[in-house]
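S.K.: need coordinates for the following:
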Amino acid sequence: LPNTLYPGSFYRFRLVSTCETSTGFAEIVISTNTLPSSGIFTVDPSAGYASLDSFTLSMSGWVDDAEDLPFRYEFRYFYSDYSKEQIPLGLVDINWMEVYLPAPENYTTRSYHNVTLVGTVIDSFDGQAQIHSIVEILSN
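M.R.: Below is the predicted model:
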């Protein structure tokens, strides 16, 4: 992509100046932040009743460079059938959270609704990796 620096890469910038009798240059090499990787996002249980059953959201196995630690974790959700607007559940320093999910605003008589949960791991330089998991919210 144009105008993009890729994570975990090295870039060399060189400025060259030329005048009538000589040429000079300055050079710098920079590295970009490596993003968290290799982790998983689990949700337990995979189905439950709105506002009655708790769901445990867990981000585990994430790795990054030592200088990029510690991680923070953000959890969000959206109702897959209604809107892609992500509703925040919390930003925490531990890798899990227990939540109760409400019924969607436009709750219908269907027996279940799909909810997409979004887990984001964030390193100390704000490098982020995001992963989704879908659960079913059952009608009462």
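S.K.: what helices or strands is the helix or strand hosting residue 117 leaning on?
M.R.: Counting by DSSP states H and E, the element that carries residue 117 is strand 112-122. Packed against strand 112-122 by the contact rule (3 or more CB pairs under 8 Å, 6 or more residues apart in numbering; DSSP states H and E) you find strand 40-44, strand 54-60, strand 72-79, strand 128-138. C-beta: built from backbone N, CA, C; applies to glycine.
S.K.: recalculate using a threshold of 7 Å.
M.R.: Judged by 3 or more CB pairs under 7 Å, 6 or more residues apart in numbering; DSSP states H and E, strand 112-122 is in contact with strand 54-60, strand 72-79, strand 128-138.
S.K.: if I look at residue 135, how far off is residue 119?
M.R.: 12 Å (CB to CB, to the nearest Å).
S.K.: quick one: closest of the helices and strands packed on strand 112-122 to residue 112.
M.R.: When the helices and strands packed on strand 112-122 are compared by CB to CB, strand 128-138 sits nearest residue 112, at 4.4 Å.
S.K.: what's the closest one in contact with?
M.R.: Strand 128-138 is contacted by residues 35-37, 41, 43, 46-50, 55, 80, 101, 103, 111-122 when judged by CB atoms under 7 Å, 6 or more residues apart in numbering.
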